[in-house]
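Engineer: just coords:
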């Protein structure tokens, strides 16, 4: 049976607007799997729980990017072992999902420059009858989630300073290492790279420039994306 990844639509230079969908896309490529993608803004049309990505593998549906990576480890022998065992991989992969992710959301939907650049791409994802109001409603819903998370309760300067501290911690961790947890690529590298790859200079120039300043971290993101056949370097 064909392997199908249901995901949020691509935009311009990345396979999906969602870094979680990108994370699964990258993992499938690294595992050497043949798969097709089906794009939707309406998750409940493919998954009653309303979650994307949603991977259909061997006729069975799987949700949640972290769970999907574990399923791939269990079912596919080729490619890197994404969860080889060890707390650092688990902690970093989860931290990327639960913390680092929100800075990308902030950069695209809250930061005025990011939204101005993202909006045209976002609008084209909607069916024609929804293009007038869909992006506005989508942004409002996303900003409500950011507020509930707590990121937008802080001054923008504090949010940016915290983001840079996270980048510094990752950069320092890569001192003397090729990957975040040693010499082998793991889910930690895939997760962190997927969250940072969305901060492209055409959408989030300030945020992308901060990543560019951390040379080891920037190289990691590019290496992971390149290994998966995903280009992220176009200016």
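Structural biologist: Received the coordinates, thanks. Computed from a prediction, not measured in an experiment: that's the story for all the values here.
Engineer: with residue 92 as the reference, measure out to residue 214.
Structural biologist: Taking CB to CB, to the nearest Å as the measure, residue 214 falls 16 Å from residue 92. (C-beta placed from N, C-alpha, C; glycine too.)
Engineer: give me the nearest residue to residue 119, chain neighbours excluded.
Structural biologist: Leaving out its chain neighbours, the residue that sits closest to residue 119 by CB to CB, 6 or more residues apart in numbering is residue 135, at 5.9 Å.
Engineer: can you give me the pLDDT of that neighbour?
Structural biologist: At residue 135, the model reports a pLDDT of 91.
Engineer: can you tell me the SS state at it?
Structural biologist: At residue 135 the chain is in helix, as set by DSSP: H, G, I helix; E, B strand; the rest coil.
Engineer: going forward can the numbers begin at 565, since that is how I track them
Structural biologist: All set: I'll call the first residue 565, so the last point we hit is now residue 699.
Engineer: list the buried residues of the lowest-mean-pLDDT helix or strand in the chain.
Structural biologist: Lowest mean confidence among the helices and strands of the chain (mean pLDDT, DSSP states H and E): helix 676-688, at a mean of 92. For helix 676-688, the neighbour count (16 or more other CB atoms under 10 Å) marks 678, 679, 681, 682, 683, 685, 686 as buried.
Engineer: same question, stretch 635-649
Structural biologist: For stretch 635-649, a neighbour-count test (16+ other CB under 10 Å) marks 635, 636, 637, 640, 643, 644, 646, 647 as buried.
Engineer: same question for stretch 566-574.
Structural biologist: 567, 568, 569, 570, 571, 572, 573, 574.
Engineer: can you check stretch 742-759 too?
Structural biologist: Going by neighbour count (16+ other CB under 10 Å), the buried part of stretch 742-759 is 743-745, 749-759.
Engineer: closest to residue 626 among the buried residues of helix 676-688?
Structural biologist: The nearest member of those to residue 626, counting by CB to CB, is residue 686 at 26.6 Å.
Engineer: quick check: longest helix in the chain by residues?
Structural biologist: Criterion DSSP state H: the longest helix present in the chain is helix 720-737.
Engineer: in a markdown table: the buried residues of helix 676-688, plus distance to residue 695.
Structural biologist: Output for the buried residues of helix 676-688, formatted as a markdown table (distance: CB to CB, whole Å):
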| residue | distance to residue 695 |
| --- | --- |
| 678 | 20 |
| 679 | 16 |
| 681 | 17 |
| 682 | 14 |
| 683 | 11 |
| 685 | 12 |
| 686 | 10 |
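Engineer: can I get the buried residues of stretch 635-649 in JSON lines including secondary structure, distance to residue 581 and pLDDT?
Structural biologist: Listed next are those as JSON lines, based on DSSP: H, G, I helix; E, B strand; the rest coil; distance: CB to CB, whole Å; pLDDT from 0 to 100:
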{"residue": "635", "secondary structure": "helix", "distance to residue 581": "23", "pLDDT": "97"}
{"residue": "636", "secondary structure": "helix", "distance to residue 581": "22", "pLDDT": "97"}
{"residue": "637", "secondary structure": "helix", "distance to residue 581": "26", "pLDDT": "96"}
{"residue": "640", "secondary structure": "coil", "distance to residue 581": "26", "pLDDT": "94"}
{"residue": "643", "secondary structure": "coil", "distance to residue 581": "25", "pLDDT": "92"}
{"residue": "644", "secondary structure": "coil", "distance to residue 581": "25", "pLDDT": "94"}
{"residue": "646", "secondary structure": "coil", "distance to residue 581": "23", "pLDDT": "97"}
{"residue": "647", "secondary structure": "coil", "distance to residue 581": "26", "pLDDT": "96"}
